[in-house]
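# Provided below are the primary sequence and the corresponding predicted coordinates.
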Amino acid sequence: MGTVMVFLFVFAGAGFVVILIIMIKKFVSPRQLIAIQQLLESGNTKAAMRQAKNILARNERNPDVHWFLGECYRAENRPDLAIVEYKFITNAGRFTNIASAKMVRGRLAHEYLKLGQIDESQKEFILLSKIEPDNYETYFNIAKLFEDKDYTDPALTNYRKVLSINPQHAQAHMKVGVILIKKQHLSEAKKALMTSLRYDNQNIACYYHLGKISRASGDNDTALVQFERVQQDPELRQRSLLERSNIFVAKKDINRAIGELERAIKLGDEDVPVFLAARYLLAQCHEATKDLVRAVDQWEEIYEINPKYRDVAEKLALYSDIRADDRLKDFLTASQSTFESYCTKIVESMGLAIQDVFPRGQDLVEVYALETQSRWRNAKKSPSIVKIFRTVEPIGYDAIRVLYDQMRKINAMRSICIATSKFTRTAVEFAQIRPIDLIDKDELSKILDKISM
C-alpha cells in the first residue's frame, strides 16, 4: 500500500511539472510585450519583429503578439503582411485589451485601403461602425468609399449620418453639396456648401463647387470670381483654370481663354484628364483664331499621350494635307478682310461678274454674280450663287440643300459651292442631279495657284 502511494505521489508530481512547462511555454509575460512595444515605438521594427516571431514560434495563437507583429509590418509600409496578422486575430475571434476589436478592425480597414481593396476596406469600416456607432469619422470613411464607387445614394445617406452625430463637420457638408450637384439639386447643394464654409472658411474647395453651380445657373461673372478664389488650392488650381477658360470661350473672349489655358498646361500633367482637356480646348481656341500651326501643335501633344482622345486623330488627318499646301494654308488662316478678297478673286477667275458679297461669319462668304458671256447677244444674263466655305469639316447635305433653296428663291440658273474640305456622299448625290457645281479642296488648291494676292 505504501509503495502505491509513493508511486501516485511521484506520478502526480511529474504531471504537475509537465503541465507547468506547457503553461510557461504558452504564457507571454507582460514584460515581453512591453519590450516589443518599446522597440516598435523607438523605430527598431526589425528587433521587435524578431522578438515577436520568437514568441510565436513557441505560442503561435497569442493575439497580442500577432497585433504587435502586424504593427511592425504597418510601420514598414507592408500592408499585405500586416493584414495577415490582423486577420489571424479576427478569424480566431480572440480580442484583448491590446488587440481590441475596435483597434484591429480599424487597422484592417485602413490597410485594405492602402492596397486598393475597396470592398474589403468598406466591410471593415461597417463592422467598426457597429462597435462604435457614435464615431462619425467611421461613417465618413464609409461614405467616401461609396462615393468613390459612384454609389451616390448610400454615400449621401452616410454623409448625413455623419452630420446627425456632428452637425459642424465641414467636409461632410461639402460632400453632401457635391453629390447634390450631381443630382441637379443646385439650391440645396449651394446651401450645403455655404454651411461648410461657415464651419471652415479655409475650405477653398467649396468655391470650386460653388463656381460650378454659378456656371450651371448662367451666372458666369460670379463663377469667374469663385474659380479665381480656388487658385489658392494647389490640387484644384488646374481644374479652376480650365473652368475659367470655358467661361471665357463662352463669352467669346478667346485671348483670355488662351492665357488661362496656357497657365493650366504649365502646371503639368499629373491630372491627365484635366491636362488633356486643357490642351484640347487650347487647340480649339487656336483653330477659331485661324492659328492652325499652334492648333496642330496641341493636337500632336495630345496624340502622343492618348491617340484615341476625342477627334484628335481626325483633326490631324484633316490638317495634314493643308499643312503641306502653303496656298491653302494661307487661305485658311487669312484675316476676315483678306478672306473676302480671296473669295472675290476666286469668283472672278471663273468668269463671273460680282453683284453682291455677303460675309456670313468668319468661315463663309456668299457671292451673287452674273455670267459675263452668253451664246446670244441680247440674252439675259443668268444669276449665280457662289458659296465659299473655309472649314476642314466635310460639307454635308444640309448645306447644299440650303444653297438649292436659295437658288429657287432668286431664280438662279446655277450655283457653285467651294470648300477647303471634302463633301459628304449625300451632298454629292444631291448636287449631281441639280445645277450645282461642287469644288473641293483639291480643285480649290489649283484655283488658288492661278490667282495672285
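On my side now, so go ahead.
# now the helices: where do they sit in the stretch 51-200 of the chain?
For the stretch 51-200 of the chain, the helices defined by DSSP state H, counting those that start in this stretch cover 63-75, 79-92, 101-114, 118-131, 136-148, 152-165, 170-182, 186-199.
# ok, and what's touching the first one?
Okay, so that is helix 63-75. 28, 33, 36-37, 40, 43, 45, 48-49, 52-53, 55-56, 59, 79, 81-86, 88-89, 92, 94-96, 98-99, 103-104, 107, 111 (C-beta atoms under 8 Å, 6 or more residues apart in numbering). The way it works is simple: take the backbone N, C-alpha and C, and place the C-beta from them, glycine included.
# picking up where we left off before, need the helices of the stretch 51-200 of the chain in a markdown table with distance to residue 319, mean neighbour count and mean pLDDT, can you?
Converted to a markdown table, the helices of the stretch 51-200 of the chain look like this (distance: least, C-beta to C-beta, whole Å; neighbours: other C-beta atoms under 10 Å; pLDDT from 0 to 100):
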| stretch | distance to residue 319 | mean neighbour count | mean pLDDT |
| --- | --- | --- | --- |
| helix 63-75 | 55 | 23 | 92 |
| helix 79-92 | 49 | 18 | 94 |
| helix 101-114 | 46 | 21 | 94 |
| helix 118-131 | 43 | 18 | 94 |
| helix 136-148 | 40 | 21 | 96 |
| helix 152-165 | 41 | 18 | 97 |
| helix 170-182 | 37 | 22 | 97 |
| helix 186-199 | 40 | 18 | 97 |
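# okay, those in a markdown table with distance to residue 240 next?
What follows is the helices of the stretch 51-200 of the chain, written out as a markdown table (distance: least, C-beta to C-beta, whole Å):
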| stretch | distance to residue 240 |
| --- | --- |
| helix 63-75 | 37 |
| helix 79-92 | 34 |
| helix 101-114 | 28 |
| helix 118-131 | 28 |
| helix 136-148 | 21 |
| helix 152-165 | 23 |
| helix 170-182 | 15 |
| helix 186-199 | 15 |
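# got the domain ranges for this protein?
32-131, 332-450 (automatic domain parsing).
# quick one, which of the ones you listed gets closest to residue 263.
Taking C-beta to C-beta, domain 332-450 is the member of those nearest to residue 263, at 25.2 Å.
# the closest one: how far from the chain's middle?
Domain 332-450 sits 43 Å away from the centroid of its parent chain (C-alpha atoms, centre = their mean, to the nearest Å).
# end to end, how far does that domain reach?
17 Å (C-alpha to C-alpha, to the nearest Å).
# do stretch 370-382 as well
End-to-end distance (C-alpha to C-alpha), stretch 370-382: 6 Å.
# sorry, back to before: looking at the domains of the chain, which is buried most?
domain 32-131 (a mean of 18; mean count of other C-beta atoms under 10 Å).
# backbone dihedrals for the closest residue in space to residue 389 that isn't next to it in sequence, please?
Spatial nearest neighbour of residue 389, chain neighbours left out: residue 419 (4.4 Å); criterion: C-beta to C-beta, 6 or more residues apart in numbering. Main-chain torsions, residue 419, degrees, to the nearest 10: phi -140, psi 150.
# measure residue 127 to residue 428 for me?
As judged by C-beta to C-beta, to the nearest Å, residue 127 and residue 428 stand 68 Å apart.
# actually residue 49, sorry about that
Per C-beta to C-beta, residue 49 is found 77 Å from residue 428.
# same thing with residue 335?
On the measure of C-beta to C-beta, residue 335 and residue 428 end up 31 Å apart.
# same deal with residue 103?
75 Å.
# same check on residue 151?
51 Å.
# and residue 139, by the same measure?
Taking C-beta to C-beta, one finds residue 139 at 64 Å from residue 428.
# ok, now residue 334?
27 Å.
# quick one, phi/psi of the residue nearest the centre of the chain?
The centroid of the chain falls nearest to residue 273 when counting by C-alpha atoms, centre = their mean (4.4 Å). Torsion angles at residue 273 (phi, psi; degrees, to the nearest 10) stand at phi -60, psi -40.
# next one, pLDDT for it please.
At residue 273, the predicted lDDT confidence score is 96.
# go on, residue 323?
What the model reports as pLDDT for residue 323 is 72.
# going forward, begin numbering at 47 instead of 1
Let's use 47 as the start, then, which means that last one is residue 369.
# ok, it - contacts?
Residue 369 neighbours (C-beta under 8 Å, 6+ apart): 338-339, 342, 375.
# with neighbour count added, can I get those residues in TSV?
Shown next, in TSV, are the contacts of residue 369 (neighbours: other C-beta atoms under 10 Å):
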residue	neighbour count
338	18
339	11
342	20
375	18
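# next up, phi/psi of the nearest residue to residue 429 once chain neighbours are set aside, please.
Nearest residue to residue 429 in three dimensions, chain neighbours excluded: residue 458, at 4.7 Å (C-beta to C-beta, 6+ apart). Per-residue torsions, residue 458: phi -70, psi 140 (degrees, to the nearest 10).
# now do residue 108
Reported as degrees, to the nearest 10, the phi and psi values for residue 108 are phi -80, psi 110.
# right, and it touches residue 98 too?
No. Using C-beta atoms under 8 Å, residue 108 is not in contact with residue 98, being 9.4 Å away.
# so what's the residue nearest to residue 435 up against?
Counting by C-beta under 8 Å, 6+ apart, the residues that residue 465 touches are 434-435, 437, 441, 484-487, 490.
# just the residues you listed now: which is nearest residue 302?
Proximity of these to residue 302 (C-beta to C-beta) peaks at residue 437, which lies at 24.6 Å.
# look at the residue found closest to the closest one once you drop the neighbours it is linked to in the chain and report its pLDDT.
Distances taken as C-beta to C-beta, 6+ apart place residue 409 nearest to residue 437, at 5.2 Å, with adjacent residues excluded. Looking at residue 409, its pLDDT is 89.
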